[in-house]
Structures are given as C-alpha cells and as structure tokens.
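Peer 1: Need a 3D model of the following:
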Amino acid sequence: MPIAPEFRQHYGHLWRTEIRPSVLKRAHEECECCRKPLHAWIFTYTWQSRDPQFGGRRRYHMIWIREGSKVWRNQYGWPCSPLSARGLPRKIRVKLTIAHADNNPANMDDLNLRCWCTWCHLHHDQPHHKESRRARKDRGRPLLETP
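Peer 2: Sure, this is the predicted structure:
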C-alpha cells in the first residue's frame, strides 16, 4: 500500500537510516508474527475459510516453509502440518515491513513499531484499510452527506 501524501513527511532520512534498521535489528531480521526470515526464499500456501466458531466470519490462513527446510510453520510461527493446505504453493522472497501497531503513522514510539512480513502487515491493517476505503468512497458521494 503506498504511503498517503499527508504522511510522507514521517518517512524521511531518519526513518531510512535509524528507525527502520533498529526495528529490523530488534526483530533479528525476521517477522515478529510468523518468523519468516528477511530475503529468504519460501514456499507458502494461503487460503480462507468461514469458521462457525467465530460466527461464520471469514478467516485467513497461511503456512510456509523455507526452501531446503523440513519444518512447515503457520501464520503464528508454530510448526504445523501441510495437510490442511489447499491449492498449490507459491515460491516468494520474504520482504519485511515496519508496521504501526496503532495505525497512527505519527506514532514512532519503538513499542508501537513492529517488524512484519507483507502478509502479516496486510492482515493486521485490513480493518483499517476497509474503514479508510469506506471514508474515501463516502467523500466522493455528496448524496450521502447530511445537510
């Protein structure tokens, strides 16, 4: 997701040279959620299901294995079996992103910044993305505004 123009001032020289490298170092250059290592080639399965335990809401699942490894891991970094996977695996190179846990780009507190792979970051931000998309669409519909 590209950075919105109003938040670009937060991601300058200090971000690239100090903040991002310190968060990557703290996380030992792996995703703090699923433990994927930075720049590693992995095979991954992703799928979704509707879980009656959670009121029929859509749930997303992901398992992955590092190339040359024998241990499959789930989206929480725990060893798991690949038997629950559906479809064909994709081979990808892991990219790590720095996420704001509270979805506030102005909050650069070290406790608020997380080192997550793109999959974990997207699924953390999904409710925020839905809300911001709804707000953008409503701004473009003047009929929905109240006088």
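
Peer 1: Next up, phi/psi of residue 50, please.
Peer 2: Per-residue torsions, residue 50: phi -110, psi 120 (degrees, to the nearest 10).

Peer 1: Could you double-check that it lies in contact with residue 60?
Peer 2: No. Between residue 50 and residue 60 there is no contact under CB atoms under 8 Å: 11.1 Å. The way it works is simple: take the backbone N, C-alpha and C, and place the C-beta from them, glycine included.

Peer 1: And those two? Which one has more around it.
Peer 2: residue 60 (13 against 10; other CB atoms under 10 Å).

Peer 1: What pLDDT is listed against the residue minimising distance to the centre of the chain?
Peer 2: Among the residues of the chain, the one closest to the centroid is residue 121, at 1.3 Å (CA atoms, centre = their mean). pLDDT recorded at residue 121 is 93.

Peer 1: OK, contacts around it?
Peer 2: 97, 99 (CB atoms under 8 Å, 6 or more residues apart in numbering).
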